[in-house]
Every structure is written in C-alpha cells, then in structure tokens.
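Trainee: Just a sequence and a predicted model for now, questions to come.
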Amino acid sequence: MNRHINQRMAGLAHSEIRAMTQACIEAKGLNLAQGVCDTPVPPTVLRAAAQAMEQGKNVYSRFDGLLELRQAIAKKLAQYNGIVADPETDVTVSAGATGAFHCACLALLDPGDEVVLFEPYYQYHISALLAVEAVPVAVKMQAPDWKFSGTDIERVITPRTRAIIVNSPGNPSGKVFSQQELESIAAIVQQHDLFVFTDEIYEYFLYDGRTHVSLATLPGMADRTITLGGYSKTFSITGWRIGYSVAAARWAQAIGAMNDLLYVCAPTPLQAGVAVGIQELPDSFYRDLSRDYQRKRDRFCQALAKAGLAPSIPQGAYYVLAEASRLPGTTGKARAMFLLETIGLAGVPGEAFFSGPEGKQFIRFSYAKIDSDIDDACRRLARLG
Ligand code: GLN
C-alpha cells in the first residue's frame, strides 16, 4: 500500500502519562499520573496575561519571544542560574520546555546521532529523539538513590554520540544531580566534543536545603550546553505552554528557526503574563514553593510507605517512584490499573520510564496537587490494606 504512517512513528510509544490520565477520567479517580500541577496560579501572572489580552497583545510575537520576556528570562538566568545570556540572540521562547527541546533536537541532531540519557528517563525525551531519528542510549541509574558513575557513561560513548541529556531535578526520579556528578558529565562531554541538553524545568523544586546548579555554568560548558526551562510548573500554568531554551547565539539561531517553523511563536499574551511574573514575584515566592512542595512530598511519601509502596524519596521535582511489587499483577501497568480500580488513584506504570524489566515494579505519582487532594490520596492509600 502506498499510504502509510511513516517509519518514525512506528517506534514511537503513545504517552503512558496521557493514557493513565484518560483511564483516570473514565474511572472518576484522583489523577496523580500526569504532572498536571493544579495548584493555584500566582494572581499577578493571571492579571498580567488578562491585561495583555485586553490591551491587544493578541498577535504574533517575534519568533523567539516578546522582548520583555526574553529580557526577564536573561535577568533571571544571570541571578538564579549564573548563566550569561544575551536576550537579543541567545534566548528562544517556545511552546513549553517540550517545544523548546523538540526545536533543539531538530536544529542540532542528525538522523542516526546517538544521544545518551539517564534511566529512569522522561518518556518525552526519548520520543523527541525518535521523532528526529536520533538514537537514545540509556545509562542506568541505580535505585533507590539513582547513582551512576562516569565509567557508566564512558562505556556507551561511540563515535556516533552527539549529545547527553541531563534532567535535574529529574522526572521521574526526583534526583538532583550533585556538583560532582555534573562535573564528571562535563568532563566527558568536553573530552568527546558533545552537546548537552539540560532540562531544568523543575529548577525551583528543591528539598532538604538543596541548591540548583546549571550545567552551563561549569567551566568550558557554556558553548556546548542547551539549557531548557519554563514556567509551566513554577507558575502552575502547564496549559499555557511557555518554555524556553538558552544557547550560544550560533545554536540559538538554528533553534529559533525551528521554533518559527513549528510554532511561529509561543502564545503572546501568555508570554506577557509570565514576563510580569518573573519581574514582580519576590524571592520568597520561590522559597515558599520549595517549602510547600517539600511538605506535600513528606506527607505523600509517608502515606506510600505506610501502604507498603516504598517511595524512593525525591530530592527535587514533584514526582515519586514507588516500589509497587506487593500489588497484584506482573507489570507496572497491571499494578497501576489495580490501584485505579480498587482505590481510585492513578499513577503512571514504571514501564514508561525504564527500558528494562525494572519498570514493572514501579509506579510514578505526581504530588503537584492542592493539599486537599494530597489528603484524599493519603486516605485512599490507607484503604489499600
Ligand atoms: N511533565 C508532565 C509529566 O511528566 C506532563 C507530561 C505531559 O503530559 N506531556 O507528567
């Protein structure tokens, strides 16, 4: 037959995260599967976006974003991340960090390029690589604290390796890469002349006094690092799709061209809302965010432990991988469906984040929920028996 879906799609898994959200809607359950982040949006951000619409900022922005947003991001990068970025040439505002990553892959990877990433991984990273015909190569981190060594990375590097993906704080592991781990990655990247894509979307979700280190700030890394970030999680606006990439101008130019091609621009009035949020929210907003989420983490992880689903305690981000082998079934999917059917709680089967059999024993939960939903989730877990 002459008509068919292209070969790229054949290997692309549908998002298990979305599938569980759908199953949860059908079961009228509580969705801790997709990291929806249904906590309140800062009123300043909401008001500024509404005002931008009323004031007529409803047409395309420049392909790489509104000037005020690029400037606000550049200033925040300097202050929070220690990254020097020229808002005129280095920052590309995109349709979420996912859009930013896809543009970076399109701009910088050739078919057949091997890209190393850490397992458990975020399924969208794998799918974005497959969509551009790059080849994902996993380095397995060891549960429960998700350690790895430089040798583990060296072992998978080949002449075809073009990049390494780092995601810190990580989804789904909650791992915050240590300075030493980042340094070992930076050394390998420089030795083999690679790019790094570093997904830092959870940069403000840090627990137990941890701080965020951007890989781009390590010596020799600025020119080879594509930093991805966004405000979906920080401002609880996952549906707005406002993310960005930062890279040296020569890479950013190509990434921006892809952004123009795919999205033309990110939603203009929503960019304006985010710009005002970055400019006006005080440092205490970000401190409170970490503190509130740490509380949610503690409360939910305790309930998991009590229910016999041992959590791997997250150091950052807002997901937790729970050991679920005590639940009936032989796959993560069967176990996740059992939970949904018995106590109406939706999580994502571990298979979505692991290439090997380890996935079967885990379920990932998101605790980016309002406190009454966390309480509800804990009550449901207590009923598990
Ligand atoms: N990042 C979120 C998660 O991991 C949402 C993913 C999505 O639906 N694309 O759940």
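Mentor: Okay, I see it. Numbers count the residues shown, from 1 in each chain.

Trainee: For whatever residue of the stretch 51-200 of the chain ends up closest to the ligand, give me its contacts.
Mentor: As assessed by Cβ to the nearest ligand atom, the ligand sits closest to Asn171 within the stretch 51-200 of the chain, at 5.2 Å. C-beta here means a position set from N, CA and C on the backbone, and glycine is covered the same way. By Cβ atoms under 8 Å, 6 or more residues apart in numbering, the contact set of Asn171 is Gly35, Tyr122, Ile201, Tyr202, Ala317, Tyr319.

Trainee: from the chain, which residue is nearest to the ligand?
Mentor: Of all residues in the chain, Gly35 sits closest to the ligand, at 3.3 Å by Cβ to the nearest ligand atom.

Trainee: which residues touch the closest residue in space to that residue that isn't next to it in sequence?
Mentor: In this structure, Gly35 finds its nearest non-sequential neighbour in Ser366, 4.2 Å apart by Cβ to Cβ, 6 or more residues apart in numbering. With contact taken as Cβ under 8 Å, 6+ apart, Ser366 is in contact with Leu32, Ala33, Gln34, Gly35, Val36, Cys37, Tyr318, Tyr319.

Trainee: got it, and Gly347?
Mentor: When contacts are counted by Cβ under 8 Å, 6+ apart, Gly347 is found next to Met20, Leu32, Ala33, Ala322, Ala336, Leu339, Ile363, Arg364, Phe365.

Trainee: how about a cut-off of 6 Å?
Mentor: Contacts of Gly347 were listed using Cβ atoms under 6 Å, 6 or more residues apart in numbering, and they are Leu32, Ala33, Ala336, Ile363, Arg364, Phe365.

Trainee: Point out the other helices and strands that the longest helix seen in the chain packs with.
Mentor: Taking DSSP state H as the assignment, the helix of the chain that covers the most residues is helix 283-306. Contacts of helix 283-306 with other secondary structure elements, assessed using 3 or more Cβ pairs under 6 Å, 6 or more residues apart in numbering; DSSP states H and E, are made with helix 371-382.

Trainee: which parts of the helix it packs on are buried?
Mentor: If you call a residue buried by 16 or more other Cβ atoms under 10 Å, then helix 371-382 has these buried ones: Asp373, Ile374, Asp376, Ala377, Cys378, Arg380, Leu381.

Trainee: In terms of secondary structure, what does it contact?
Mentor: Taking 3+ Cβ pairs under 6 Å, 6+ apart as contact, the helices and strands that helix 371-382 lies on are helix 283-306.

Trainee: Determine the angle, from 0 to 180 degrees, between the helix it packs on and helix 371-382.
Mentor: Here helix 283-306 points in a direction 10 degrees away from that of helix 371-382 (axes from the mean of the first three to the mean of the last three Cα atoms, to 10 degrees).

Trainee: just checking, next helix/strand downstream of helix 283-306?
Mentor: Following the chain from helix 283-306 toward its C-terminal end, the next helix or strand by DSSP states H and E is strand 311-312.

Trainee: List the contacts of that following strand.
Mentor: So strand 311-312 is contacted by Ala143, Pro144, Cys301, Leu304, Val320, Leu321, Ala322 (Cβ under 6 Å, 6+ apart).

Trainee: from those, which ones fall inside strands?
Mentor: Secondary-structure check on the contacts of strand 311-312 using DSSP state E: residues within strands are Val320, Leu321, Ala322.

Trainee: Specify the local secondary structure of Lys369.
Mentor: With DSSP: H, G, I helix; E, B strand; the rest coil as the basis, Lys369 sits in coil.

Trainee: Count the neighbours of it for me.
Mentor: Other residues within reach of Lys369, judged by other Cβ atoms under 10 Å, total 23.

Trainee: Show me where the stretch 201-350 of the chain has its helices.
Mentor: In chain order, the stretch 201-350 of the chain shows helices spanning 249-263, 268-280, 283-306, 332-343, with DSSP state H, counting those that start in this stretch as the criterion.

Trainee: can you check the stretch 51-200 of the chain too?
Mentor: Counting by DSSP H, counting those that start in this stretch, the helices of the stretch 51-200 of the chain are 67-76, 96-108, 123-131, 150-156, 179-191.

Trainee: related to what we said a few turns ago, measure how buried the nearest residue to the residue of the stretch 51-200 of the chain closest to the ligand once chain neighbours are set aside is and give me the count.
Mentor: Spatial nearest neighbour of Asn171, excluding adjacent residues (Cβ to Cβ, 6+ apart): Tyr122 at 4.7 Å. For Tyr122, the number of neighbouring residues by other Cβ under 10 Å comes to 25.

Trainee: One more: Ser127?
Mentor: A total of 17 residues lie near Ser127 under the criterion other Cβ under 10 Å.

Trainee: same check, this time on the one 10 residues further on
Mentor: For Val137, the neighbour count with other Cβ under 10 Å is 19.

Trainee: Who does it form a beta bridge with?
Mentor: The residues paired with Val137 through beta bridges, assigned by DSSP bridges, are Val116.

Trainee: thinking again about what came up before, how confident was the prediction at the residue nearest to Asn171?
Mentor: For Tyr122, the pLDDT comes out at 97.

Trainee: do Gln7 as well
Mentor: pLDDT, Gln7: 82.

Trainee: what does Ala377 give?
Mentor: 98.

Trainee: quick one, what contacts it?
Mentor: Remark: with contacts taken as Cβ under 6 Å, 6+ apart, Ala377 is in contact with Leu30, Leu32.

Trainee: Please identify the residues of the stretch 51-200 of the chain in proximity to the ligand?
Mentor: Neighbours of the ligand within the stretch 51-200 of the chain, by Cβ under 6 Å from any ligand atom: Tyr124, Asn171.
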